[in-house]
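Q: Below is the sequence, then the predicted model.
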Amino acid sequence: MNARPRRGRGPKLVLTATAAAALLLLPACSSSGQPTGTGQLGQISGPVTSPGVNGSGGPNGGPSGGPTITPSTPSTPHTSPPVSHAYPTDYANAVLLAWGAKDKPYLTLLTSSSTANQMFGWGNINTHWTLITSEGAAGSSYTMFYNNGGDYIVVRTVNEMTSSHQWHAGSIENWDQMSFPANPTDYAKKLVSGWMTGNKPRMDYLGTTALTTLLQGQTPPSPDYTATYNSTLKEVEIKDAATSTDISFIVDPTKLGHHNAITGCDIGC
């Protein structure tokens, strides 16, 4: 962890732990510089505690805040499974498994033709997924995962359809692919999005392991957080009155657009 004193600043502020965790649906983005990996399919870890809420300087809120990818209208359900596939007991995980196995017929059966085409259009994705949490809203379940490449996905399933073993019950509510922004404020927001969802690989890719450890022990900001870049100090300050968050990330401008451009923090460390 790199930290340095700053003149004209008062004592560091301590992040509170009073803010309730909320679902996070991040806006879609892509980058040719995303990390790739070859993790094992189906190794879904247990949920991380208290996934954070999103910031106004970043993505929108959870399911109640409106999807960033409009789920396709389910087609006429199939009542009988194909010979090669029984109906999955974990529908959201089955969607990820079919995607990782490049099993397009099965992925189409689980979702829709348009959704399957969209997912395969995202390219070769790290297949070692970790479950963040699963929450219900308005007759649907929203299951959130991140992978070892720092990507983030929300799989939506229709509860009525899965309870009656109907196919085409799944869709992608949100997809946020790992990227390395060239703008310092956007870079910091990307790290904050990883902080909010407990996406450790994303935080490690953008910052340092010491900073990741620090942030995982703190409450992330509320949806009203602000991110301001100070070009003189080369820091991005993240502030949120609702959670008393005030932390400044130190940025190495020469690394923007690449790995580990955030080298530590100043205030709030």
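A: Happy to help now that I have it.

Q: Quick one: low-confidence residue ranges for the stretch 151-269 of the chain.
A: Across the stretch 151-269 of the chain, nothing is flagged by pLDDT under 70.

Q: Tell me where it has helices.
A: For the stretch 151-269 of the chain, the helices defined by DSSP state H, counting those that start in this stretch occupy 159-163, 184-197, 200-206, 209-216.

Q: Can you lay out those as a markdown table showing distance to residue 232 and mean neighbour count?
A: Quick note: C-beta positions are derived from backbone N, CA and C, even for glycine. Output for these, formatted as a markdown table (distance: least, Cβ to Cβ, whole Å; neighbours: other Cβ atoms under 10 Å):
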| stretch | distance to residue 232 | mean neighbour count |
| --- | --- | --- |
| helix 159-163 | 53 | 14 |
| helix 184-197 | 12 | 25 |
| helix 200-206 | 22 | 24 |
| helix 209-216 | 22 | 18 |
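
Q: Tell me which of these sits nearest to residue 227.
A: Of all the helices of the stretch 151-269 of the chain, helix 184-197 sits nearest to residue 227, with 5.2 Å by Cβ to Cβ.

Q: could I get that closest one in PDB with only the CA atoms?
A: Taking Å, rounded to 0.1, in the frame of the first residue of the first chain, the C-alpha atoms of helix 184-197 are listed here in PDB:
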ATOM      1  CA  PRO A 184      -8.300   8.600 -14.500                       C
ATOM      2  CA  THR A 185     -11.900   9.200 -13.200                       C
ATOM      3  CA  ASP A 186     -13.300   6.400 -15.300                       C
ATOM      4  CA  TYR A 187     -10.500   4.100 -14.200                       C
ATOM      5  CA  ALA A 188     -11.300   4.900 -10.500                       C
ATOM      6  CA  LYS A 189     -15.000   4.300 -11.100                       C
ATOM      7  CA  LYS A 190     -14.200   0.900 -12.600                       C
ATOM      8  CA  LEU A 191     -12.300   0.000  -9.400                       C
ATOM      9  CA  VAL A 192     -15.200   1.200  -7.300                       C
ATOM     10  CA  SER A 193     -17.600  -1.000  -9.300                       C
ATOM     11  CA  GLY A 194     -15.400  -3.900  -8.300                       C
ATOM     12  CA  TRP A 195     -15.500  -2.800  -4.700                       C
ATOM     13  CA  MET A 196     -19.300  -2.600  -4.700                       C
ATOM     14  CA  THR A 197     -19.700  -6.100  -6.000                       C
END
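
Q: one step back: what about the helices of the stretch 151-269 of the chain, which gets the closest to residue 133?
A: Residue 133 sits nearest to helix 184-197 of all these, at 9.1 Å, using Cβ to Cβ.

Q: Backbone dihedrals for residue 108, please?
A: phi -60, psi -40 (degrees, to the nearest 10).

Q: got a pLDDT number for it?
A: Predicted confidence (pLDDT) for residue 108: 96.

Q: start the count at 6, not 1, going forward
A: In the new count, where the first residue is 6, that last one comes out as residue 113.

Q: The closest residue to it other than its chain neighbours in helix, strand or coil?
A: Distance criterion Cβ to Cβ, 6 or more residues apart in numbering; nearest residue to residue 113, sequence neighbours excluded, is residue 121 at 4.4 Å. Put simply, residue 121 is helix when judged by DSSP: H, G, I helix; E, B strand; the rest coil.
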